[in-house]
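In: Sequence and predicted structure below; questions after.
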Amino acid sequence: MRILHILSQTPDFTGSGKTVQAIIRQSCAKGHQNFLVAGIQDDFKLNPSLLPPEHTEFVRFNHGHLDFRLPGMSDVMPYPSTVFSSMNNDQICRYETAFRQVLQKAREKFRPDLIHTHHLWIVSKTARQIFQDLPMVTSCHGTCLRQYFLCPGLGLDVRNTMAKIDAVLCLSRHQKQQIQDIHKIDPEKLHVVGAGFEKKTFYCEPKPEKGPVQIVYAGKLSRAKGVPWLLTALKKVTAPDYCLHLAGAGSGEEKQECLALAADLDSWVKVHGPLSHESLARLVRKAHLFVLPSFFEGPSPGAHGSAVIGLQDIDDCAAGDPGNI
């Protein structure tokens, strides 16, 4: 089978980027032919071991006609990006036109049998319009549902096309209901598949019995991920001895806020920056805990009732969510 994979943002660094890479690797292993269309900017280059250059087409941002940074599905990305809600009509038009042209080029060049897009958003709408005669499946990663409410005008424009997608892969039953409520997609087209991990890379090993408690956070250095709340809470912890490992990238003021809070904790925190899956897996195997901070309300770290810090045993959390680095 000839499968065309479509991602509107960089095929790396984020959950959807890592997912696309994993899907392509598994698809190649099963003997399928694969082609990737994605958005990139600056000096990004895809590892040729994933796909040869002739099996890729990219929409390049921050360059030429698209003289603005790549719009991210999250308002805070692990690299400098454009926020969808801040884009004007001219930028949206150029954005859609650029992807439309590259998708048409990929169709002529690759002649796919199946289309696999990511995010129920603008590029999936464009792909559905171009490949009306081909089966199309879309993976929902959650961020597209937030953008629907952050950009109501764009959301309404997208919604009319989403019901024409043949199958949507959902992360949970709750997300399935959200998609059904927002996009009015036939529930028989919605399939809960959850998230996966590479078990050959992420597996358990015996933990050190002495020394500091080793804790790992893997994700974006941002407020949306709850990192400032985590670091603020740890200032109150004096025993037992611990070491928090921050693995992941960030950008802008929120990244600087996280780094400043981490610096205040001195040797209690180690900042690793973005890591490869292999490097992250080695770090996780040595850890006692994986921490996934989150919050439900509150404008600032330390606000009463603003933070819920969840600690999960590393052996029970399937190595966390390494795709969201």
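Out: Here it is on my side, so go on.

In: How many residues are close by the residue lying closest to residue 98 once chain neighbours are set aside?
Out: Excluding the flanking residues, the one nearest residue 98 by C-beta to C-beta, 6 or more residues apart in numbering is residue 59, at 4.8 Å. Bear in mind the C-beta positions are built from the backbone N, C-alpha and C, glycine included. Other residues near residue 59 come to 22 when the count uses other C-beta atoms under 10 Å.

In: In whichever strand or helix holds residue 59, which residues are buried?
Out: Of the helices and strands defined by DSSP states H and E, residue 59 is found in strand 56-61. Under the neighbour-count criterion of 16 or more other C-beta atoms under 10 Å, strand 56-61 has 56, 57, 58, 59, 60, 61 buried.

In: Residue 128: which of those is nearest?
Out: Distance to residue 128, by C-beta to C-beta, is smallest for residue 59 among the buried residues of strand 56-61, at 17.2 Å.

In: which residues touch that closest one?
Out: 37, 38, 39, 40, 66, 98, 99, 102 (C-beta atoms under 8 Å, 6 or more residues apart in numbering).

In: same thing with residue 208?
Out: 214, 286, 288.

In: least trustworthy helix or strand in this protein by mean pLDDT?
Out: Between all helices and strands in the chain, the lowest mean by mean pLDDT, DSSP states H and E belongs to strand 308-313, at a mean of 34.

In: quick one, strands of the chain?
Out: 2-7, 33-41, 56-61, 114-118, 136-139, 167-170, 190-192, 213-218, 242-247, 269-273, 289-294, 308-313 (DSSP state E).

In: Between its first and last residues, what's the separation in stretch 272-292?
Out: Terminal residues of stretch 272-292 lie 17 Å apart, using C-alpha to C-alpha, to the nearest Å.

In: any chance you could map the helices in the stretch 201-325 of the chain?
Out: Applying DSSP state H, counting those that start in this stretch to the stretch 201-325 of the chain gives helices spanning 227-234, 252-264, 277-285.

In: now the buried residues of strand 56-61 in CSV, with distance to residue 272?
Out: Listed next are the buried residues of strand 56-61 as CSV, based on distance: C-beta to C-beta, whole Å:
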residue, distance to residue 272
56, 29
57, 33
58, 28
59, 31
60, 29
61, 27
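
In: That's all I had, so thanks and see you.
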